[in-house]
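Colleague: After the sequence you'll find the predicted model.
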Amino acid sequence: MAHTKARLGMVAVSAAGSSYTDVGGLISVDYDEGDEAIDSTDFDSEGNKEVVGGEKQSTLSLSFHRDEADSGQDIIRTAKQAGNLLYFRVRPYEAGSADQFIAQFLITSLKNSSARNALVECSLEAQSSGAITHSTQ
């Protein structure tokens, strides 16, 4: 069985969706592409639950080491403080991978964690707004 290594994944951000800036110090990426299930069960369902697909909602979670000189991290902080949507381009595997997605997200949480004898770690949670574009690099 072939395994896919995530050690070279990349995330880049853009306020306008045209020119992207990489986010440095990336530790982890968690992306969940979900569909809302709408209950369509009725008397004709013969006791079986039936659902149809509803609205799509995706979530994105990132963690990264804080770097005050990193432009991508600055763009994230600015968007969070202003409450603006931000384009994220996520390449979850190595740079040569064919899979990537681009979408606008609202950052709902931006957290900083620090501990003695450790690097400052930041994490964010975001929810998609609008369609998600899957493409090749």
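Modeller: Structure's in. What do you need? Numbering: from 1, shown residues only.
Colleague: okay, CA-based contacts and neighbour counts for the rest of this
Modeller: OK.
Colleague: Check whether residue 85 really touches residue 77, as I assumed.
Modeller: No. In this structure, residue 85 sits apart from residue 77 without contact. The criterion is Cα atoms under 8 Å, and the distance is 11.7 Å.
Colleague: okay, these two: which has more neighbours?
Modeller: Taking residue 85 and residue 77 together and counting by other Cα atoms under 10 Å, residue 85 has the greater number of neighbours (21 against 14).
Colleague: and the more buried one, what does it touch?
Modeller: In this structure, residue 85 makes contact with 15, 79, 104-107, 129, judged by Cα atoms under 8 Å, 6 or more residues apart in numbering.
Colleague: Tell me how far residue 83 lies from residue 67.
Modeller: Between residue 83 and residue 67 the distance, using Cα to Cα, to the nearest Å, works out to 22 Å.
Colleague: and the lowest-mean-pLDDT helix or strand in the chain, what does it pack onto?
Modeller: Across the helices and strands of the chain, the lowest-confidence element by mean pLDDT, DSSP states H and E is strand 133-135, at a mean of 84. With contacts taken as 3 or more Cα pairs under 8 Å, 6 or more residues apart in numbering; DSSP states H and E, strand 133-135 sits against strand 100-113.
Colleague: In its sheet, which strands sit next to the strand it packs on, and in what direction?
Modeller: According to DSSP bridges, strand 100-113 forms sheet pairs with strand 85-91 (antiparallel), strand 121-128 (antiparallel), strand 133-135 (antiparallel).
Colleague: most packed of the ones you listed?
Modeller: Comparing these by mean neighbour count (mean count of other Cα atoms under 10 Å), strand 85-91 ranks first with a mean of 23.
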